[in-house]
Each structure stands twice: as structure tokens, then as C-alpha cells.
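Let me see the structure of the following:
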Amino acid sequence: MAGHNKWSKVKRLKAVTDSRRGKVFSRLSRDITLAAKGGGGDPEANARLRTLVLKAREANMPADNVDRAIKKGTGELPGVVYEEIAYEAYGPGGVAFVVQATTDNKTRAAKDVRAAFARFGGNLASTGAVAFQFLHAGQFLIAREKTTEDALMELALAAGADDVITTDEGFELRCNVHAFDQVAQALEQKGIKPDSAEIAYIPINTVPVADAAHAAALEKLHDALDEFDDVQQVFSNEESA
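This is a model prediction of the structure:
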């Protein structure tokens, strides 16, 4: 995994294989259920749910699965009760991690995440020991061909976004967590479809990983965390390869 490089992650998600599809559907279902629980089951009135429904559609998730996930969130169908947890940790080479999990069993999730870090030379940290190294914000990645920098800046200012960063691959729009739904709606109204839209932990500073052994261990750690159904997102501050 290429560390904090979100564009790389987007490319990997678009190339999801059949063997990974079930895991992707499971994670999307949990997110959809939580979004429906928090903001209602109508995607037109719940921007976060609408974003997830679109993401599910892009992943070719069956409409019945999406509908069931929404109804579990609204209470129309019985379902397990999920909780969101953020684990803070250090990996090989002092790389900082924030691991977001959605689980119906906090004991199991903590045990799995702790074991993965221990196995590859890292350890869990206390709450607040790592998170200060990241900006917790809404993050939208938008390909260059979908808009212009000037148009995006104008939209960002009107919608209450904080920053637009131009990169070789496209534009990164950042906003306060509480402005996420408003910005998502503004982009949709302008017909601008982000390649990625999420509440993210964005590293404030990155850590170069020069040691080959540390780099290999970090790659394996990311892969191990990705195998856990409870783990939804992994954010880290190593320098991208």
C-alpha cells in the first residue's frame, strides 16, 4: 500500500477483483447502515448516504444489498448494532496510524488490530497519542478533466470548504467534518463527481521510510489490516513509494 497516497487507493478500489468483492460489499453495507441510522434512509435528504449509495453502485453492489443495509439502519429490518472505533498506533519506523473500524464486537476488533501491529513491529497507542499528527477532515479527490481549478475554488468558497489543493493527478478539496454533506451536495449540484469522497485522517507531515525492512513490514501490515472485515479505513503518514 502506498501510504497516505489517496489517489493510489482510488485506483486500487476501481480494480476490485471478484475475490475481494464480498469484502468490499460488507464494508459498504456497514457504512450505509450507519449513515442511514445517523441521517435517515432517504438518500435525497442524506448527502452522506447518497455518496455511499453511489459508491456502492460503482462497485456493482446489488441494489437489494443496498436496500437491506439502509433498512437495517432505519430499523425497518433487524440487524446487528455496529459501533465506530478509531485505533491509534505506531508501525515500523515510527509511522503513525489511525485505523477506523466498524464492528459489532469491540473486543474482537481490538484483538485483531493489536495482533497485526505486534506481528509487524508496531503497537497500539493511547487515545490522542497519534491523532494530533493528522488533520481530521472531509476529503474529495476530483480528476482534472471533471472541472477547472477556478470553478472548484468558487464552489469551495460558496459551500464552506477550507482548501483546494492542485496536484498532478487532479484536485483535492478539504473541508471541516461538519461541512462534508454540504460540500458533497454542492459538487453534485454542479455535476462534479468526485473519484473519492470521505471523512479522512490526512497526515500533517509524512515520515520517509528509507529502511527496506521497515518498508516491507509496512506493506505487510497494511495488507493484514485490510483483511479484517471490521477495519473500514487505514490512514498512515509514511512517505509514499
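
Run through the neighbouring helices and strands of the longest strand anywhere in the chain.
Identified as the longest strand of the chain according to DSSP state E is strand 134-143. Secondary-structure packing of strand 134-143 (3 or more C-beta pairs under 8 Å, 6 or more residues apart in numbering; DSSP states H and E): helix 6-14, strand 170-175, helix 180-189, strand 196-203. Yep, even glycine has a C-beta here, placed from its N, CA and C like the rest.

Packed most tightly, which of those would that be?
Mean neighbours per residue, mean count of other C-beta atoms under 10 Å, is largest over the helices and strands packed on strand 134-143 for strand 170-175, with a mean of 23.

Within its sheet, name the partner strands of it and how each one runs.
Strands that pair with strand 170-175, judged by DSSP bridges, come out as strand 134-143 (antiparallel), strand 163-166 (antiparallel).

and the helices and strands packed on strand 134-143 as a markdown table, adding mean pLDDT?
Formatted as a markdown table, the helices and strands packed on strand 134-143 follow (pLDDT from 0 to 100):
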| stretch | mean pLDDT |
| --- | --- |
| helix 6-14 | 53 |
| strand 170-175 | 93 |
| helix 180-189 | 89 |
| strand 196-203 | 91 |
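
now the helices: where do they sit in this structure?
6-14, 18-39, 47-58, 63-74, 106-119, 149-159, 180-189, 212-226 (DSSP state H).

Between those, which one is closest to residue 86.
Closest to residue 86 of the helices of the chain, according to C-beta to C-beta: helix 106-119, at 10.6 Å.

Can you list the buried residues in the closest one?
Within helix 106-119, the residues scored as buried using 16 or more other C-beta atoms under 10 Å are 109-110, 112-113, 116-117.

ok, those residues vs residue 74, which is closest?
residue 109 (24.4 Å).

Tell me who's in contact with the closest one.
Residue 109 makes contacts with 85, 101, 103, 228, 230-231, as judged by C-beta atoms under 8 Å, 6 or more residues apart in numbering.

Filter those down to the buried ones and hand me the PyMOL line.
Entered in PyMOL, the line below selects the buried ones among the contacts of residue 109, by 16+ other C-beta under 10 Å:
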select buried, resi 85+101+103+228+230+231
